[in-house]
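[1] got a predicted model here, sequence first, then my questions.
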Amino acid sequence: MEKLIFEKSVEGRRGVTFPTEALEGFSVDQVLPKEFQREIPLPLPEVSENELMRHYTRLSQDNYGVDTGFYPLGSCTMKYNPKINEDVARFPGFSQVHPLQPKEASQGALELIYELEQILSEISGMAGISLQPAAGAQGELTGMLITRAYHQGQGRQRRKVVIPDSAHGTNPASAHLAGFTVQTVRSNRNGLLDIDDLAKVVDEDTAALMLTNPNTLGLFERQIEEIVRIVHDAGALMYLDGANLNALLGLTRPGDMGFDLVHFNLHKTFSTPHGGGGPGAGPVGVASSLIPYLPFPVIQKAEGRYLLDSNRPQSIGRVHGFYGNFGILVRAYTYIRRLGAIGLSAVSRNAILNANYLKKKLEAHYPVPMDRSCMHEFVVSAKAFREKGIHAWDIAKRLIDYGFYPPTVNFPLIVPEALMIEPPESESRETLDAFAAAMLEIRKEIDQAPEKLLGAPDTCTVGRMNEVQAAKQLNVRYEPK
Amino acid sequence: MIPEDLRYHKDHEWVRANGKRAVVGISDFAQENLGDIVYLEMPKLGLVVKVGDEITEIESTKTTSPLYAPVGGTIVSINEVLEDKPELINQDAYHDGWIVAIEMNQPKELEQLMTDEDYETFLQKEEH
């Protein structure tokens, strides 16, 4: 295993040498009072430039990403990120603007923001868009804050948000953070929202239903119109968790289904990088009645010029500095404009086709609990293998040895030993066949050599972690000797 | 094996009743589905709960799951060993892995809970 950069440190070794003449007669005391100076020198690693490069290059080669292989991580839509997105984001007109420069000098950037809002509005059927939230979960929180402001604007206090038991964990977290209590509504035997349970749970205290459609089993909520009617009849709002929008582009629209709010994950649906926790973008779309509550500033177009309006008395306020993570918006805009309307609907059609193709290849070997045609992803259960001592994550770890990133495991919570598989549109039939072949090999190993799964992965720099110890005794700080 | 001498709640809590005192834990089915339990938020002594109220949260390597009150009353005792050894719930769900004891204010609520046979049938239905 690669040593830490600190462990490679040799006292006095340097990557660069600074000129000393310029500093002659200079003392740190001249610019920084003694009380703010370190007493012990910062223990930075001392290495040469080539050692540094080799170290980080080797570490990067241990990474697995969409540029190295298939990444069927359900609910996360790990599609390929086209490199033209990166070229466009580096155009000087986009990369060298500053949000504080005069608006007359940044009209091009503002135009892109304005147009991306128009495009997302068209795709989703929502009247107003804010591109500010920096991630899906922040989009959810923004949506929940808008929900709260809306009900307060109607002169009423509603305390409850209803969320299905199959939802992403971020949904109850976001509702809670916005001051709501959460009530769970059950899924029925078909893996869809239980309408009878919903009708019982939704009442005059309900602020919103947060729904994912297609849901986390990859199934389209066929009774969506009835669901919307129940929720709207109670005066509550419909919130769409847009994690699974990759199944809907150009086929149907949240606004047409009756949703009042939706968040987008540009990194899932519109090919911006997921990487490293950000920067990201989780725009929010709302119905026309909610536009006054959107975060400010709001971009507007008047007489061919673009301007930012911060005079929004009913707005929930700012959710991000300036106008969100602009570089990410450029990448999503590039992706959408490159594909066009026909291309985008082909994205969803191919994503659905890929998922159903793979499901057909696997379903005889791995039980699919809620079995019908899926949308862009599907869930198999490894529960039948428990008696052999095999769990979902043993299959996941073994897949790494076969060269694939594992699917999402143990989610959604309503399926025991779930493996949630999402093959995005950007994957070829050959890739899907290779993945299915690996899954079938592993299925044989479960019967004939289960120890191969229990010991996996064998081929990585780092073997199987002790998950319990990792959760209880996390230690990620290097302490110099 | 589902012990005969306990009563069961639909959210997979068990109750061992003795007079007004009810010892509460989660079933073997529940611990199996949660996977390795890594943390139990210590419940509050003296907390007054009614049936279905959330008592605390159990965190496993897979998920975080609430512990619901199968009967109403006051929490009079907590299994403090679980603070350092939450894995006892995995190892011995029905004995050493007990979580709280509740002083029931209406012991008749026990009649609403499932017997071992009811619970077995319930589990079969849950598993489709």
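    Noted; the coordinates are in hand.

[2] residue numbers of chain A in contact with chain B?
    A:169, A:189, A:369, A:386, A:391, A:410, A:413, A:416, A:467-468, A:471-472 (C-beta under 8 Å from any C-beta of the partner chain). Yep, even glycine has a C-beta here, placed from its N, CA and C like the rest.

[3] and A:S348, what does it touch?
    By C-beta atoms under 8 Å, 6 or more residues apart in numbering or on different chains, the contact list for A:S348 reads A:246-251, A:376, A:425.

[4] ok so, going back, just the buried ones from the residues of chain A next to chain B?
    Neighbour-count burial (16 or more other C-beta atoms under 10 Å in any protein chain shown) applied to those gives A:369, A:391, A:410, A:413, A:416, A:468, A:471-472.

[5] flag the shaky bits of the chain, pLDDT-wise.
    By default, I'm working from chain A. Scanning chain A for pLDDT under 70 picks out the ranges A:276-278, A:481.

[6] wait, chain B was what I had in mind.
    Within chain B, the segments meeting pLDDT under 70 span B:127-128.

[7] where do the helices sit along it?
    Taking DSSP state H as the criterion, chain B contains helices spanning B:28-34, B:88-91, B:116-126.

[8] in TSV: those, plus distance to B:R16 and mean neighbour count.
    Shown next, in TSV, are the helices of chain B (distance: least, C-beta to C-beta, whole Å; neighbours: other C-beta atoms under 10 Å in any protein chain shown):
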stretch	distance to B:R16	mean neighbour count
helix B:28-34	14	19
helix B:88-91	15	19
helix B:116-126	12	14
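
[9] closest to chain A out of those helices?
    Counting by C-beta to the nearest C-beta, chain A lies closest to helix B:28-34 out of the helices of chain B; the figure is 5.7 Å.

[10] before we move on, back to that, save the helices of chain B as CSV, and put in distance to A:L4 too.
    Formatted as CSV, the helices of chain B follow (distance: least, C-beta to C-beta, whole Å):
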stretch, distance to A:L4
helix B:28-34, 34
helix B:88-91, 34
helix B:116-126, 47
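
[11] tell me the bridge partners for A:S130.
    A:V284 (DSSP bridges).

[12] correct me, but it touches A:G143?
    No. If you go by C-beta atoms under 8 Å, A:S130 and A:G143 don't touch, sitting 9.9 Å apart.

[13] can you pull the residues that touch both of these two?
    Residues touching both A:S130 and A:G143 by C-beta under 8 Å, 6+ apart: A:V284.

[14] beta partners of the residue nearest to the spatial centre of chain B?
    Central residue of chain B (C-alpha atoms, centre = their mean): B:G25, 2.7 Å from the mean position. In this entry, B:G25 is beta-bridged to B:W14, by DSSP bridges.

[15] so how far is B:D96 from it?
    Counting by C-beta to C-beta, to the nearest Å, the separation of B:G25 from B:D96 is 9 Å.

[16] now render the helices of chain B as a markdown table, adding distance to chain A.
    As requested, the helices of chain B are exported to a markdown table (distance: least, C-beta to the nearest C-beta, whole Å):
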| stretch | distance to chain A |
| --- | --- |
| helix B:28-34 | 6 |
| helix B:88-91 | 9 |
| helix B:116-126 | 9 |
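
[17] of all those helices, which one comes closest to A:P279?
    Ranking those by proximity to A:P279 (C-beta to C-beta) places helix B:28-34 first, at 34.8 Å.

[18] just how off-centre is that closest one within its chain?
    Distance, stretch centre to chain centre, for helix B:28-34: 11 Å (C-alpha atoms, centre = their mean, to the nearest Å).

[19] if we can go back for a sec, could I get the buried ones among the residues of chain A next to chain B as a markdown table with secondary structure?
    Output for these, formatted as a markdown table (DSSP: H, G, I helix; E, B strand; the rest coil):
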| residue | secondary structure |
| --- | --- |
| A:P369 | coil |
| A:H391 | coil |
| A:N410 | coil |
| A:L413 | coil |
| A:P416 | coil |
| A:V468 | helix |
| A:A471 | helix |
| A:K472 | helix |
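
[20] take the residues you listed and write them to CSV, including distance to B:S60.
    As requested, these are exported to CSV (distance: C-beta to C-beta, whole Å):
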residue, distance to B:S60
A:P369, 21
A:H391, 12
A:N410, 9
A:L413, 11
A:P416, 13
A:V468, 9
A:A471, 9
A:K472, 11
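
[21] list just the nearest of the residues you listed to A:I230.
    When these are compared against A:I230 (criterion: C-beta to C-beta), the nearest one is A:L413, at 23.6 Å.

[22] run through the residues that contact that closest one.
    A:L413 sits next to A:165-166, B:63 when contact means C-beta under 8 Å, 6+ apart.

[23] up against chain A, what does chain B have?
    If contact is defined as C-beta under 8 Å from any C-beta, the residues of chain B in contact with chain A are B:32-33, B:35-36, B:38-39, B:59, B:61-64, B:87, B:127-128.

[24] now the two most distant members of those residues.
    Taking C-beta to C-beta, the two most distant members of those are B:Y39 and B:H128; they sit 30.7 Å apart.

[25] more neighbours: which of those two?
    Ranked by neighbour count (other C-beta atoms under 10 Å in any protein chain shown), B:Y39 and B:H128 place B:Y39 first, with 15 against 7.

[26] would you check how far apart that one and B:E80 are?
    According to C-beta to C-beta, B:Y39 stands 14 Å off from B:E80.

[27] check contacts around the residue nearest to B:E59 when sequence neighbours are not counted.
    Among residues not flanking B:E59 along the chain, B:Y39 sits closest, at 4.1 Å (C-beta to C-beta, 6 or more residues apart in numbering or on different chains). The contact partners of B:Y39, taken as C-beta under 8 Å, 6+ apart, are A:471-472, B:58-59, B:86.

[28] what does B:L123 give?
    Contacts of B:L123 (C-beta under 8 Å, 6+ apart): B:F29.

[29] count the residues that sit near A:L192.
    Quick note: A:L192 (other C-beta under 10 Å) scores 22 neighbours.

[30] so what's the residue count around the residue of the stretch 1-150 of chain A found nearest chain B?
    Of all residues in the stretch 1-150 of chain A, A:S75 sits closest to chain B, at 14.5 Å by C-beta to the nearest C-beta. Neighbour count for A:S75, taken as other C-beta under 10 Å: 21.

[31] residue contacts, it?
    A:168, A:216, A:243-244, A:377, A:408, A:411, A:420, A:422 are the contacts of A:S75 under C-beta under 8 Å, 6+ apart.

[32] who touches A:P164 in this structure?
    A:184-187, A:193, A:211-212, A:215.

[33] show me which pair in these is furthest apart.
    A:R186 and A:T212 (14.9 Å).
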